[in-house]
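Asker: I would like the atomic coordinates for the input below:
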Amino acid sequence: MTLSRFLSAAGAALALASVSTAQVVFTNATTQFPASNAGFTENVDFGDVDGDGDFDAILAEGGDQGNDQNNIWINRGGELGGTIGFFADRTSTQFPAVLDQSRDIEFVDIDMDGDLDIYVSNTSQLSNQSNRWWVNMGGAQGGTQGFYQDQSAAHWAGLGVAGQSSIAANQILPTTGFIDFSCDCDFGDLDNDGDLDLVHSSYGGAFGGNVPTRLFLNNGAGVYAEFNPSGYQLTGQTIATGNPGLWCQGNQASNTTNSTGTNCDVASSALDIDVGDIDGDYDLDILHGARQEAPRMFRNLLSGTTLAFRDVTGATFPAGYSSGNGHYEQEMGDCDLDGDLDIYGLNWQVVGAFNDITLRNDGAGTYSNIQVLSGSGADDNEGDFLDYDNDGDLDIYVANFAGQDKLYRNNWSGTGNFSHTDVTSSAMPSAGNTALDGDCADLDQDGDTDVMVSNDGDQPEYYFKNLLNTVDTRIPRIPNLEQAPARTAGAAPTVVRAHVYDNASYYVTWYYPVTLEYRVAPTLAFTSVAMQASQGQIFRGLIPGSLSGTIEYRVKAVDRMGNVGYSATKSYVATCPAAVSYCTAGTTTNGCVAVLSASGTPSASAASGFTLSVANVEGQKQGLIFYGLNGRNASVWKPGSTSFLCVKAPTQRLATLNSGGTNNGCDGSFAIDWLSWMSTHPTALGQPLGSGQVFQGQSWFRDPSAPGTTNLSQGLEWTLCP
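Answerer: Below you'll find the model as predicted:
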């Protein structure tokens, strides 16, 4: 989301005109920031670092000016004697002392331990340096939540390794990371495995646009290895025409319009990256910005566990969507409330001057209806979505590098295309500043959206406080819920994803408590489990795979004001799996190999009808069937025995029976209705029975001269149906 302008701030005016608050929506409340509020600030990001329920702020410092210390400002709403919406600088106590040329700083839970870590994007424009990983020391780290440690060396894997990494060995830095020119990086669960992966952009030395963007996949513990299915390794910093596209199908070709997978362009002067599902298939696509080339779109072709990307720029955007230079940034959001991601493009179209545009998603990930924002022909730098007037749709705040920031009201009427009107003069205080970024969130928890602006040129950051005091009553929207396929019940969970929207940018909705509710229909109550933000507009949840029957599910989202939204309810059928044989039976004195089998339906609601039988046992011997529910086992039964204990402890024995048949023959057998036995033993292991329970069983019987004079069948596993 961050955008550096790489321009000098010299000569930029800083002036605030006194205006009546009756004429404006926002007032300048910068006095609520720390007193030492000035610097060469490239970017700001919000998150609750200390778990007290309010938004804190981190700021990227340095950029072109040189190495500097990034800052953390704590919102004092959760502190004893503190006031919400007032910030204290805690950099010296809570941040590692690291000086670097930071262009972007992002909150992200890299290790999935429930607290917010930090990723810092740096540039080698002045001196060689790498992006960095700062880990929140709360939770599993054993320290204090909200205090950070630089653990950069521990969170890269395989950099520069031939056959794995595309990074040339001569680009690896001796301390950590690799030489790069990164202005913005974004995270998202690209491969749908439940953790957050990295899209690492690069604008190239001297903005050459010839250093590739790279993808790095999270191993689940916060260690990142490059996704490079091509296996190709560069010999230096740059990628050349005709080289493999690294993570993208086809070969590298600058500014290609090919969308068939023959060519792609993974290297441009990228100053911004966004991820979101543009085509409704519940995986994250990549919108790749560019400073002087046309921005690009890469479609995620994820199939099962196989990840692939295709450059679809030529098929996605209308002709003339972008021209000239200065395409510093873009944002994705649902501007017309139709359940897909539209685009705001800053300086995307040049008609005599810089002009910002919006494009409407046609529903399948193609874009049309270019709207030029009136009054945007100026040196804009970064835009963010917000609903400043709480009317339910997305307005736009634009940080301007050489003058007045802007505010655009969404005019969407409920049907047709959307457009935005410049309301800066009536809604904003006059501010001449050198803004690089503006992020929008409810910083004082009064129900409306405020704005924090990061300024370059050793100028103070701005806090524009919303004065409307119109509390948000709009419920979150969940228009799209993934249809789970029919399946056989088993150990693997059913993965379900949903689109969650609200009248806020998605970097706010990521923090909503979103839950997946499921039940075995129609009698059981819904059970709730937390969903994980995959970022973009996607949340991901898991339904236990052991359930069988008709499984109903829905998604619930609660915003920061307590407004509750539900998705439609969907269902799928999970059939009860057949009993599965596993493990190894022993061979008896007379060469018998006992076989345990099942017949009937193992229903949790039935009092009989599921029979366990064992055949081929020694004749005229006593034996029994026993079971457990802690999983499969395979340990040698007794020294010298050919059989294995296939059921983990604790176990439950059923009634002792006689095998019948012929003495010293293999025609003995046992059989017992397990459900009938369970119905007369209400305190037996596994009671009360419930749909989805998984049991393991085995038969024991006498064997005249085997080791220990006993032997075992193989194991059998069954799952209870409703």
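Asker: tell me which stretches of the stretch 551-700 of the chain form strands.
Answerer: Along the stretch 551-700 of the chain, the segments classed as strands by DSSP state E, counting those that start in this stretch run 564-566, 570-575, 580-582, 595-600, 610-617, 622-628, 632-636, 644-647, 652-653, 657-658, 668-673, 694-702.
Asker: quickly run through the sheet partners of the fourth one, with directions.
Answerer: Put plainly, it is strand 595-600. With DSSP bridges as the test, strand 595-600 is paired with strand 610-617 (antiparallel).
Asker: which parts of the strand it pairs with are buried?
Answerer: Using 16 or more other CB atoms under 10 Å as the test for burial, strand 610-617 gives F610, L612, V614, A615, N616, V617. For the C-beta atoms, the positions are set from N, CA and C on the backbone; glycine is no exception.
Asker: to S121, which of the strands of the stretch 551-700 of the chain lies closest?
Answerer: If you check each of these against S121 by CB to CB, strand 564-566 wins as the nearest, at 33.4 Å.
Asker: check which helices and strands that closest one sits against.
Answerer: strand 477-481, strand 549-558 (3 or more CB pairs under 8 Å, 6 or more residues apart in numbering; DSSP states H and E).
Asker: would JSON lines of these with mean pLDDT be doable?
Answerer: Shown next, in JSON lines, are the helices and strands packed on strand 564-566 (pLDDT from 0 to 100):
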{"stretch": "strand 477-481", "mean pLDDT": "98"}
{"stretch": "strand 549-558", "mean pLDDT": "96"}
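Asker: same list (the ones you listed) but as JSON lines, adding mean neighbour count.
Answerer: Shown next, in JSON lines, are these (neighbours: other CB atoms under 10 Å):
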{"stretch": "strand 477-481", "mean neighbour count": "21"}
{"stretch": "strand 549-558", "mean neighbour count": "21"}
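Asker: minimum distance to V514: which of the ones you listed has it?
Answerer: Between those, strand 549-558 lies closest to V514; by CB to CB that is 4.6 Å.
Asker: tell me what angle the closest one forms with strand 477-481.
Answerer: 150 degrees (axes from the mean of the first three to the mean of the last three CA atoms, to 10 degrees).
Asker: quick one: contacts of the top helix by length along the chain?
Answerer: Secondary structure of the chain read by DSSP state H shows that its longest helix is helix 674-679. Here helix 674-679 makes contact (CB atoms under 8 Å, 6 or more residues apart in numbering) with 600, 602-603, 606-612, 625, 627, 654-655, 684, 686-687, 689, 697.
Asker: dump the C-alpha coordinates for stretch 41-49 into PDB.
Answerer: Output in PDB follows, covering the C-alpha atoms of stretch 41-49 (Å, rounded to 0.1, in the frame of the first residue of the first chain):
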ATOM      1  CA  THR A  41       7.900   8.900   6.400                       C
ATOM      2  CA  GLU A  42       7.000   6.600   3.600                       C
ATOM      3  CA  ASN A  43       4.200   4.500   4.900                       C
ATOM      4  CA  VAL A  44       1.900   3.800   7.800                       C
ATOM      5  CA  ASP A  45       0.000   0.700   8.800                       C
ATOM      6  CA  PHE A  46      -2.500  -0.100  11.500                       C
ATOM      7  CA  GLY A  47      -2.900  -3.100  13.800                       C
ATOM      8  CA  ASP A  48      -3.500  -4.000  17.400                       C
ATOM      9  CA  VAL A  49       0.000  -4.900  18.500                       C
END
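Asker: average model confidence for that stretch?
Answerer: Average pLDDT, stretch 41-49: 96.
Asker: residue closest to the middle of the chain?
Answerer: Residue closest to the average C-alpha location in the chain (CA atoms, centre = their mean): S534, at 2.0 Å.
Asker: which of the residues in the longest helix of the chain are buried?
Answerer: For helix 674-679, a neighbour-count test (16+ other CB under 10 Å) marks W674, L675, W677, M678 as buried.
Asker: how about stretch 629-646?
Answerer: Using 16+ other CB under 10 Å as the test for burial, stretch 629-646 gives L629, N633, W637, K638, S641, T642, S643, F644, L645, C646.
Asker: quick one: end-to-end length of that stretch, please.
Answerer: 11 Å (CA to CA, to the nearest Å).
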